[in-house]
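Chemist: Quick one: sequence and predicted model below, then my questions.
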Amino acid sequence: MEEADATIERRAARTAAGWHAVWAAALGACALAWTGLGDGHTGQALAAAAAPGLVGQLLRWRTGWATKTLIAVTWPAGMAGAIALSGGLGGPMTALAVAPIAAMATIDRRRYIALGAALTAAAIAAVALAQIRGLPLPAAPAGPWLALAAVAFAAIAFAAALQIAGGRDAELEAARAAEAGRLRTLLEAEAFLLLRLDPEGIIREVFCGAPEDGDLKLLGRPFENLAGEAHREAARAALRIARQSGAASVGFAPPLAPDRFLAVELRGLKKGEVAALVRDASRERAYEAWLEQGKSDAENVAMAKSRFLANMSHELRTPLNAIIGFSDIMRTQLFGPLPDRYAEYAGLIHESGGHLLDLINDVLDMSKIEADRYALSLEAFDAREAVAAALRLTRVQADAARIALRGVLPPGPLEVNADRRALKQIVLNLVSNALKFTPAGGQVNVLARQRGPVLELIVADSGVGIAPADLERLGRPYEQAGGIDQRAMGTGLGLSLVRAFAELHGGTMTINSIQGEGTVVTVRLPVMSVAEVEAAPPPAPPQPPAPPPKRLTARGDNVIAFTPHR
């Protein structure tokens with residue numbers, strides 16, 4: 001709409017400039033004619049009358065308020081000069097006093113006519129005051145011709161100005177009506193209801209159409225009546241917020257259709273009025289309810305799964321312990337010798353049972369964590385003991401795979417207040433995972449150190465690394481990386497358990513990996529004892545060992561990768 005108004009305004013400016021040009025040309029020609037006849041004062045009067053037309057023709061191309069105001073001042077001044085030079089108020093040019101009003105009509109009929117009339121009245125009053133005080137003015141020219149010409153010219157100019165002004169206003173009204181029609185068509189294409197509310201919240205205007213099952217008698221009723229009894233206070237509160245802050249949103253069910261839902265956008269207007277856009281949002285509401293129900297169902301299924309796994313894992317551990325115990329007796333030949341073939345079978349049963357028990361323990365722990373049934377057993381102990389115990393358990397696996405496993409522990413104690421079993425499980429899972437992805441001849445290094453109140457555990461390997469796509473998934477339950485052979489060696493719970501144990505302690509786990517070079521997993525746990533934190537010296541940059549055939553290289557403060565000797 002603003003663009004249409006600007007176009008009409010520019011077109012009206014060109015028309016007004018033409019009107020001013022005709023005025024200046026006609027009176028300028030008359031001024032030259034009278035001057036040529038030897039009547040200098042009359043020629044000067046006509047030139048003064050023609051001057052505002054010339055100024056208006058030059059400036060009317062610009063549509064700013066400053067330009068309009070300058071033209072509004074020029075016209076009364078020019079007409080006052082013309083009247084004064086032609087004998088004063090009793091002279092023949094007095095009829096041109098209506099010219100400023102006509103000129104203002106061509107500029108802006110609604111805003112500048114009053115200004116032009118007031119300035120013209122002031123100019124005529126100035127001429128009258130000059131006559132009363134006896135100031136010498138040129139004598140009026142003889143004969144009625146100039147007076148008749150001035151009256152005729154002023155009448156024609158005034159009629160033309162009114163025609164121009166009326167045409168511009170009609171064009172503006174037509175453009176606005178067309179724009180309003182297009183807007184109404186767009187709004188009626190949707191189930192919109194546009195309301196104008198007075199400062200008291202009463203509906204004063206209704207645009208477009210109400211919902212099919214809505215109350216159509218809205219004029220003169222409070223806005224809150226659109227809502228049912230249960231939501232009317234919310235509607236009143238939204239109306240107050242819209243008046244104070246300029247915008248508000250509210251949703252409610254209409255009183256005649258409680259199964260429907262209306263979404264309302266409120267915008268503050270001038271003088272306390274409010275515009276309300278009401279939209280039928282029943283479908284969106286139903287879709288949101290469906291999503292919420294789906295989410296709730298999925299959460300219930302997940303909880304049921306966790307409870308089932310927890311119960312199943314607990315039931316499987318009892319017979320497995322018996323299998324492991326009896327196979328261990330047979331493997332060690334506690335009650336007498338066995339044939340070599342049976343002894344080998346007993347060892348395989350014991351090894352497979354232990355592996356299966358580890359998997360079941362992981363599933364049981366994750367199920368308890370997901371079901372919010374895992375409780376930490378906090379105690380004060382030296383973290384080096386848990387790390388060393390985990391290294392001892394994985395030493396055989398590392399030797400069998402011909403991988404160098406090294407631990408870097410500080411000489412002093414690392415007194416922590418944490419869950420001993422969880423801390424040991426963190427190191428055990430990280431080292432087992434690193435050994436699984438490190439080829440023969442590689443190495444796995446474990447570093448434990450204190451960083452203020454934080455216990456930092458770093459496990460770095462020189463293995464195959466992790467692809468960026470796999471790195472995004474790791475840490476979630478049952479997600480695995482690597483090839484088929486490597487995935488068959490576990491359940492995908494190792495890193496997820498590490499992350500879960502770290503978060504239960506209020507800590508974090510981060511993974512840094514470069515494919516083909518190795519992986520570094522860093523676990524930070526805020527579990528250091530208070531006395532230990534106060535006595536700890538400022539941390540020094542880590543100096544990890546560099547065993548052949550590869551060396552450790554520090555990258556930043558917490559990333560360790562392996563690079564081969566060149």
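Modeler: Looks like it arrived, so ask away. Numbers count the residues shown, from 1 in each chain.
Chemist: contacts and neighbour counts: CA atoms only from here.
Modeler: Fine.
Chemist: Model confidence score at residue 80, please.
Modeler: pLDDT recorded at residue 80 is 80.
Chemist: How many residues are close by it?
Modeler: Burial of residue 80 is recorded as 28 neighbouring residues (other CA atoms under 10 Å).
Chemist: Leaving out the residues flanking it, which one is nearest to it?
Modeler: When the adjacent residues along the chain are set aside, residue 80 lies closest to residue 123, with 5.6 Å between them (CA to CA, 6 or more residues apart in numbering).
Chemist: Was I right to think that neighbour contacts residue 78?
Modeler: No. Proximity of residue 123 to residue 78 does not meet the contact threshold set by CA atoms under 8 Å, at 9.2 Å.
Chemist: So which other helices or strands are in contact with the lengthiest helix in the chain?
Modeler: For the chain, the helix with the greatest residue count under DSSP state H is helix 282-331. Using 3 or more CA pairs under 8 Å, 6 or more residues apart in numbering; DSSP states H and E as the contact test, the elements touching helix 282-331 are helix 340-370.
Chemist: what about the helix it packs on, distance to the chain center?
Modeler: Taking CA atoms, centre = their mean, to the nearest Å, the mean C-alpha location of helix 340-370 is offset from the chain mean by 52 Å.
Chemist: Also stretch 291-306?
Modeler: Counting by CA atoms, centre = their mean, stretch 291-306 comes out at 30 Å from the chain centroid.
Chemist: Which parts of this protein are strands?
Modeler: Chain-ordered strands for the chain, with DSSP state E as the definition, fall at 192-197, 203-208, 247-252, 262-268, 274-280, 378-382, 404-408, 415-419, 443-451, 454-461, 508-514, 518-525, 550-555, 559-564.
Chemist: In a markdown table, list these along with mean pLDDT.
Modeler: Formatted as a markdown table, the entries for the strands of the chain read as follows, by pLDDT from 0 to 100:
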| stretch | mean pLDDT |
| --- | --- |
| strand 192-197 | 82 |
| strand 203-208 | 79 |
| strand 247-252 | 88 |
| strand 262-268 | 88 |
| strand 274-280 | 86 |
| strand 378-382 | 93 |
| strand 404-408 | 93 |
| strand 415-419 | 94 |
| strand 443-451 | 94 |
| strand 454-461 | 95 |
| strand 508-514 | 90 |
| strand 518-525 | 93 |
| strand 550-555 | 35 |
| strand 559-564 | 34 |
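Chemist: got a markdown table for these, with mean neighbour count and distance to residue 224 too?
Modeler: Conversion of these to a markdown table gives the following (neighbours: other CA atoms under 10 Å; distance: least, CA to CA, whole Å):
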| stretch | mean neighbour count | distance to residue 224 |
| --- | --- | --- |
| strand 192-197 | 21 | 11 |
| strand 203-208 | 17 | 10 |
| strand 247-252 | 19 | 10 |
| strand 262-268 | 20 | 11 |
| strand 274-280 | 21 | 11 |
| strand 378-382 | 15 | 57 |
| strand 404-408 | 17 | 72 |
| strand 415-419 | 22 | 58 |
| strand 443-451 | 22 | 61 |
| strand 454-461 | 24 | 57 |
| strand 508-514 | 18 | 51 |
| strand 518-525 | 24 | 55 |
| strand 550-555 | 15 | 64 |
| strand 559-564 | 19 | 62 |
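Chemist: gap between residue 18 and residue 200?
Modeler: According to CA to CA, to the nearest Å, residue 18 stands 50 Å off from residue 200.
Chemist: And residue 223, by the same measure?
Modeler: When distance is defined by CA to CA, residue 223 is 9 Å away from residue 200.
Chemist: Residue 262 now?
Modeler: Applying CA to CA, one obtains 22 Å for the distance of residue 262 from residue 200.
Chemist: got it, and residue 496?
Modeler: Counting by CA to CA, the gap between residue 496 and residue 200 amounts to 60 Å.
Chemist: Mind checking which of the two has more residues around it?
Modeler: Counted by other CA under 10 Å, residue 496 and residue 200 do not tie: residue 496 has more neighbours, with 20 against 12.
Chemist: any idea how far the more buried one lies from residue 363?
Modeler: Going from residue 496 to residue 363 by CA to CA gives 11 Å.
Chemist: same question, residue 88
Modeler: Looking at residue 88 against residue 363, where the rule is CA to CA, the gap reads 111 Å.
Chemist: repeat for residue 403
Modeler: Residue 403 sits 28 Å away from residue 363, taking CA to CA as the criterion.
Chemist: try residue 415
Modeler: With the distance defined as CA to CA, residue 415 ends up 30 Å from residue 363.
Chemist: try residue 29
Modeler: Look at residue 29 and residue 363: by CA to CA, they are 107 Å apart.
Chemist: now swap in residue 77 and tell me
Modeler: From residue 77 across to residue 363, the span is 98 Å (CA to CA).
Chemist: okay, those two: which has more neighbours?
Modeler: The neighbour count for residue 77 versus residue 363, taken as other CA under 10 Å, is higher for residue 363 (25 against 20).
Chemist: Isn't that one up against residue 493?
Modeler: Yes. Checked against CA under 8 Å, the pair residue 363 and residue 493 is within contact range at 7.3 Å.
Chemist: So what's the residue count around the residue nearest to residue 80?
Modeler: For residue 123, the neighbour count with other CA under 10 Å is 21.
Chemist: which sections of the stretch 101-250 of the chain are below the confidence cut-off?
Modeler: In the predicted model, the stretch 101-250 of the chain carries pLDDT under 70 at residues 108-112, 137-191, 208-216.
Chemist: Could you do the stretch 251-400 of the chain as well?
Modeler: 306, 309-314, 355, 370-373.
Chemist: can you rerun that using 80?
Modeler: Across the stretch 251-400 of the chain, the stretches falling below the confidence threshold (pLDDT under 80) are 256-259, 280-287, 289, 299, 301-318, 320, 351-352, 354-375.
Chemist: ok, and for stretch 347-365, which residues are buried?
Modeler: Residues of stretch 347-365 classed as buried under the neighbour-count rule (16 or more other CA atoms under 10 Å) are 347, 349-350, 353-354, 356-357, 359-365.
Chemist: Make TSV out of these and add distance to residue 379.
Modeler: Listed next are these as TSV, based on distance: CA to CA, whole Å:
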residue	distance to residue 379
347	36
349	36
350	32
353	31
354	28
356	29
357	26
359	26
360	25
361	22
362	22
363	24
364	22
365	19
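Chemist: from those, which single one is nearest residue 131?
Modeler: For these, the residue nearest residue 131 by CA to CA is residue 365; the value is 111.1 Å.
Chemist: Surely the closest one is in contact with residue 359?
Modeler: No. Using CA under 8 Å, residue 365 and residue 359 do not qualify as a contacting pair, with a distance of 10.0 Å.
Chemist: returning to what we had before: ok, now how distant is the residue nearest to residue 80 from residue 130?
Modeler: The spacing between residue 123 and residue 130, counted by CA to CA, is 11 Å.
Chemist: Next: residue 258.
Modeler: Computed as CA to CA, the residue 258 to residue 130 distance reads 80 Å.
Chemist: These two - which one has more neighbours?
Modeler: The neighbour count for residue 258 versus residue 130, taken as other CA under 10 Å, is higher for residue 130 (15 against 11).
Chemist: I'd guessed residue 347 sits against residue 331; true?
Modeler: Yes. Using CA under 8 Å as the test, residue 347 is close enough to residue 331 to be in contact (5.4 Å).
Chemist: Using PDB, write out the CA atom coordinates for stretch 359-372.
Modeler: Output of stretch 359-372 as PDB, limited to C-alpha atoms (Å, rounded to 0.1, in the frame of the first residue of the first chain):
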ATOM      1  CA  LEU A 359      28.800 -58.800  28.400                       C
ATOM      2  CA  ILE A 360      25.900 -59.400  30.800                       C
ATOM      3  CA  ASN A 361      27.500 -57.200  33.400                       C
ATOM      4  CA  ASP A 362      27.700 -54.400  30.900                       C
ATOM      5  CA  VAL A 363      24.100 -54.900  29.800                       C
ATOM      6  CA  LEU A 364      23.000 -55.000  33.500                       C
ATOM      7  CA  ASP A 365      24.900 -51.800  34.300                       C
ATOM      8  CA  MET A 366      23.500 -49.900  31.300                       C
ATOM      9  CA  SER A 367      20.000 -51.100  32.000                       C
ATOM     10  CA  LYS A 368      20.200 -49.800  35.600                       C
ATOM     11  CA  ILE A 369      21.600 -46.500  34.400                       C
ATOM     12  CA  GLU A 370      18.800 -46.100  31.800                       C
ATOM     13  CA  ALA A 371      16.200 -47.000  34.400                       C
ATOM     14  CA  ASP A 372      17.700 -44.500  36.900                       C
END
